[in-house]
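Participant: heads up, no residue letters with this:
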Ligand code: B12
Ligand code: SF4
């Protein structure tokens, strides 16, 4: 695995630095991007990056803004009390400290933690910065707002004059909650990058030189173990449990050539070999989209690996597609089956699904490499049904992976979950946490644990 180590000051890239009285660097930026802590029962770096925030950073840099990144999740910070274990293909653990559970989730028999830098270390890092002119803070999931809130309080204390914009999935799906809890921040619910940039331009003018590329600012990270790619936004399907259509109502795609040039940029300049796609509909129109991209990757003989942590549509997985995936270096594959009875979506039929698994096997994939997401914890869905679905997947020669259901505001299934939940789901986004099985009235925690172990061991 190639890891590019940029040394300790990488996040100061493209920023002027001077010296303060203690000799530490003073960093001057127009815009400081902040990736906040995560407070949760579990969090793992499964190619988990704040893509939207980093992409805005790239666009701002191209417009001449001087951009800095404060990554409070940084697993490579040299002053962490313990080094988090890193795993294959750039994935791995974050540093974490155990914390008491939020009182409203006291019934959940699982440990709770803050993931990311110890607060004192974060504060020391922030004190090394000279006040930025603007702060962009993100919150990736609705129930991750507490990490953003802690970051916001610290930023407010240290940089009381700097305007803060808050964006991301939480701000977009729970704007009223965000306005109440981040009273001095501007809550950005926009998904269009042009509109966001236009708003920023009304706040501050750029003070640097335009950068030649608009790629997400992964190069501001301390290390670059992988890069995330987004070849298009939106999804042509509308599944009842998913917010994709609310977040990005249209379906826009970049050209294969553009995406290829970005891959080449990261690979040649920074030695990146692992690339994870965040697309909701990567295989849609394979012939004109992913196909030409993979053809070019193979023609140029790039020795890189691809991962699809966000599921692929099995419906579009033909024999030819499977062979291209194998040839081009896809090593982590996830398909979305969700439920065996398929009551909540129409994105794949069972025959199509079975054919997809067969094509992948014929292309040379081992059952362990063909991960299949099954939703667990859906309203009214007994665990026995999930167990049967997992057995079905394993029998076909693929690996079932349980994805715990998170009710997402604005989706049709959220309303169903509200009816049956033991929690008042609309009162606090903390209740959307998938680990708490929010759509179960009386979760049988022992049965849930037993099912998880059973499913994990189904495929050797
Ligand atoms: C890729 C992805 C993942 C990846 C990585 C996670 C990540 N980095 O977010 C993986 C596969 C690991 C993942 C996992 C999960 N995910 Co997910 N994921 C996504 C997905 C498909 C894309 C996110 C993304 O990067 N979008 C692209 C960027 C460009 O969008 P963006 O971040 O929103 O940024 C835009 C704006 O918000 C804005 N913006 C962002 N930050 C800021 C900041 C400022 C200041 C401003 C001004 C603007 C701004 O800029 C961008 C402009 O376009 C979304 C669905 C979707 N289509 O968005 C679901 C989604 C976020 N995930 C979801 C869920 C449910 C999950 C899981 C719980 C699934 C499961 N059951 O296991 C897990 C939980 C993760 C965990 N505990 O670790 C839900 C949200 C749930 C919630 N309650 O919030 C979503 C919405 C999908 C759905 N089901 O509806 N996920
Ligand atoms: S196919 Fe996937 S991304 Fe598209 S709406 Fe359904 S769950 Fe969401």
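Facilitator: Arrived safely, thanks for sending. The structure displayed is predicted, hence computed values, not measured ones. Ligands and ions are numbered 1, 2, ... in the order given.
Participant: switch to C-alpha atoms for all contacts and neighbour counts from now on
Facilitator: OK.
Participant: Next one: residue 312 from ligand 2, what distance?
Facilitator: Going from residue 312 to ligand 2 by CA to the nearest ligand atom, to the nearest Å gives 8 Å.
Participant: burial count for that residue?
Facilitator: For residue 312, the neighbour count with other CA atoms under 10 Å is 23.
Participant: who's it bridged to?
Facilitator: For residue 312, the beta-bridge partners are residue 335 (DSSP bridges).
Participant: Could you tell me which residues of the stretch 1-150 of the chain lie near ligand 1?
Facilitator: 43-44, 46, 48-53, 136-138, 140-143 (CA under 6 Å from any ligand atom).
Participant: switch the cut-off to 8 Å
Facilitator: 33, 40, 42-53, 55-56, 135-144 (CA under 8 Å from any ligand atom).
Participant: The residues you listed in strands, which ones?
Facilitator: Of these, the ones assigned to strands by DSSP state E are 33, 40, 135, 136, 137, 138.
Participant: List, out of those residues, those positioned next to ligand 2.
Facilitator: Counting by CA under 8 Å from any ligand atom, no member of these reaches ligand 2.
Participant: got the residue ranges for the helices in the stretch 201-350 of the chain?
Facilitator: Taking DSSP state H, counting those that start in this stretch as the criterion, the stretch 201-350 of the chain contains helices spanning 244-247, 256-270, 290-299, 319-328, 350-362.
Participant: Quick check: which of the ones you listed is nearest to ligand 1?
Facilitator: With CA to the nearest ligand atom as the criterion, ligand 1 lies closest to helix 244-247 of those, at 4.2 Å.
Participant: Just the buried residues of the closest one, please?
Facilitator: 244, 245, 247 (16 or more other CA atoms under 10 Å).
Participant: pLDDT score for the first one?
Facilitator: As summarised for this prediction, residue 244 has a pLDDT of 97.
Participant: ok, back up a step: could you pick out which of the buried residues of helix 244-247 are near ligand 1?
Facilitator: 244, 245, 247.
Participant: Just send those back as a markdown table, with distance to residue 330 too.
Facilitator: Below are those laid out as a markdown table (distance: CA to CA, whole Å):
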| residue | distance to residue 330 |
| --- | --- |
| 244 | 24 |
| 245 | 27 |
| 247 | 27 |
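Participant: Out of the residues you listed, the closest to residue 229 would be?
Facilitator: Closest approach to residue 229 among these (CA to CA): residue 244, at 16.9 Å.
Participant: tell me the contacts of the closest one?
Facilitator: Taking CA atoms under 8 Å, 6 or more residues apart in numbering as the contact definition, residue 244 lies against 234, 235, 238, 280.
Participant: Recalculate using a threshold of 7 Å.
Facilitator: 234, 235 (CA atoms under 7 Å, 6 or more residues apart in numbering).
Participant: now do residue 371
Facilitator: Neighbouring residues of residue 371 by CA under 7 Å, 6+ apart: 333, 334, 335, 398, 399, 400, 401.
Participant: and the first one, what pLDDT?
Facilitator: Right, the one you point to is residue 333. Confidence at residue 333, expressed as pLDDT, is 97.
Participant: same thing with residue 5?
Facilitator: At residue 5, pLDDT is 31.
Participant: Got the domain ranges for this structure?
Facilitator: Residue ranges for the domains of the chain, per automatic domain parsing: 4-203, 226-456.
Participant: Output those in a markdown table; the columns should cover distance to residue 219.
Facilitator: Putting the domains of the chain into a markdown table (distance: least, CA to CA, whole Å) gives the following:
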| stretch | distance to residue 219 |
| --- | --- |
| domain 4-203 | 8 |
| domain 226-456 | 8 |
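Participant: any idea which of these scores lowest on pLDDT?
Facilitator: Mean pLDDT is lowest for domain 4-203 out of the domains of the chain, coming in at a mean of 90.
Participant: who touches the residue positioned nearest the centre of the chain in this structure?
Facilitator: Centroid-nearest residue in the chain: residue 48, 4.4 Å away (criterion: CA atoms, centre = their mean). By CA under 7 Å, 6+ apart, residue 48 lies in contact with nothing.
Participant: 7 is where my numbering starts, stick with that
Facilitator: Sure, I'll start numbering at 7, so the last one becomes residue 54.
Participant: So which of the helices of the stretch 207-356 of the chain is nearest residue 84?
Facilitator: Of all the helices of the stretch 207-356 of the chain, helix 262-276 comes closest under CA to CA, at 20.4 Å.
Participant: Buried residues, that closest one. List them.
Facilitator: 262, 265, 266, 268, 269, 270, 272, 273, 276.
Participant: Touching it from outside, list them.
Facilitator: Contacts to helix 262-276, defined as CA under 7 Å, 6+ apart, come from residues 10, 237, 278, 279, 295, 296, 298, 299.
Participant: Name the nearest residue to the last one, sequence neighbours excluded.
Facilitator: Computed as CA to CA, 6 or more residues apart in numbering, the closest residue to residue 299 that is not its neighbour in sequence is residue 262, at 5.0 Å.
Participant: quick one on the thing from earlier: of all the domains of the chain, which one is nearest residue 223?
Facilitator: domain 10-209 (5.2 Å).
Participant: quick one: the closest one to chain centroid distance?
Facilitator: 14 Å (CA atoms, centre = their mean, to the nearest Å).
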